[in-house]
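Asks: What follows is a predicted protein model with its sequence.
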Amino acid sequence: MRDYPIRFYFKLLFLHVKMNGYRWTLCFCLRHVLTGSLRVIEKITQELERKSNLPGSNSVAENALKWNHYRWKRGENEWTPSAIWKESVIKNVMLKNISPDQIVLEIGPGFGRWTRKLIEISRHVIVVDVAEKCISHCKNVFGDRGKVEFHVNDGRSLDVVSDDSVDAIWSFEFSCT
């Protein structure tokens, strides 16, 4: 908005007060100032990460810490918006790309939102996650199925999976907030 002369901002302020009242105008102005400030802070943070090669809030250690302490209130369907949505993803994505004769690598299963179906529709599933809590839960729920193996890994490699040993990879993240 810097393309406008300063008197424009005063006219806009008075127009907002006239049309919306003082409280709304104050909230609007605060939101505008805070939003602008957050953009500047985000830009500075990203520049520091870039210049100093910092992981910021996207490190393996932070991800492991976060998911090992997460409460998982809805279990395997923590981020499933609806059963209809999940079935649609299974029908239109999973079943069209994974066949019964395949060995599937699932990266980052969480509490197993997709693991159950992957075990059902494929020959073998290899489940890999950086969080011990997630792998422990998946072992408890799916470990007796026989055609699935579980690995906690370092979050940077897939050393637990042999080269050329999988036919398909499944990794799916969808958050509704």
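Replies: Great, that's in hand.

Asks: Pull the contacting residues for the nearest residue in space to Q102 that is not next to it in sequence.
Replies: Of all residues not flanking Q102 in the chain, D167 sits nearest, at 3.8 Å (C-beta to C-beta, 6 or more residues apart in numbering). To be clear about C-beta, it is placed using only N, CA and C from the backbone, and glycine gets the same treatment. Neighbouring residues of D167 by C-beta atoms under 8 Å, 6 or more residues apart in numbering: D101, Q102, I103, V104.

Asks: from the residues you listed, which single one is nearest M94?
Replies: For the contacts of D167, the residue nearest M94 by C-beta to C-beta is V104; the value is 9.5 Å.

Asks: what about dumping the CA coordinates of the host helix or strand of that closest one to CSV?
Replies: In this structure, V104 sits in strand 103-107 according to DSSP states H and E. What follows is strand 103-107 as a C-alpha-only set of coordinates in CSV (Å, rounded to 0.1, in the frame of the first residue of the first chain):
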residue,chain,number,x,y,z
ILE,A,103,6.0,-54.7,-2.0
VAL,A,104,5.2,-51.2,-0.7
LEU,A,105,7.3,-48.9,1.3
GLU,A,106,5.3,-46.6,3.5
ILE,A,107,7.3,-43.5,4.7
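
Asks: Let me know the next secondary structure element after that strand.
Replies: helix 115-121.

Asks: What helices and strands are in contact with that next one?
Replies: strand 103-107, strand 124-129, helix 132-142 (3 or more C-beta pairs under 8 Å, 6 or more residues apart in numbering; DSSP states H and E).

Asks: Out of the ones you listed, the one nearest K73 is which?
Replies: helix 132-142 (13.2 Å).

Asks: just the angle between that closest one and strand 103-107, please?
Replies: 140 degrees (axes from the mean of the first three to the mean of the last three C-alpha atoms, to 10 degrees).
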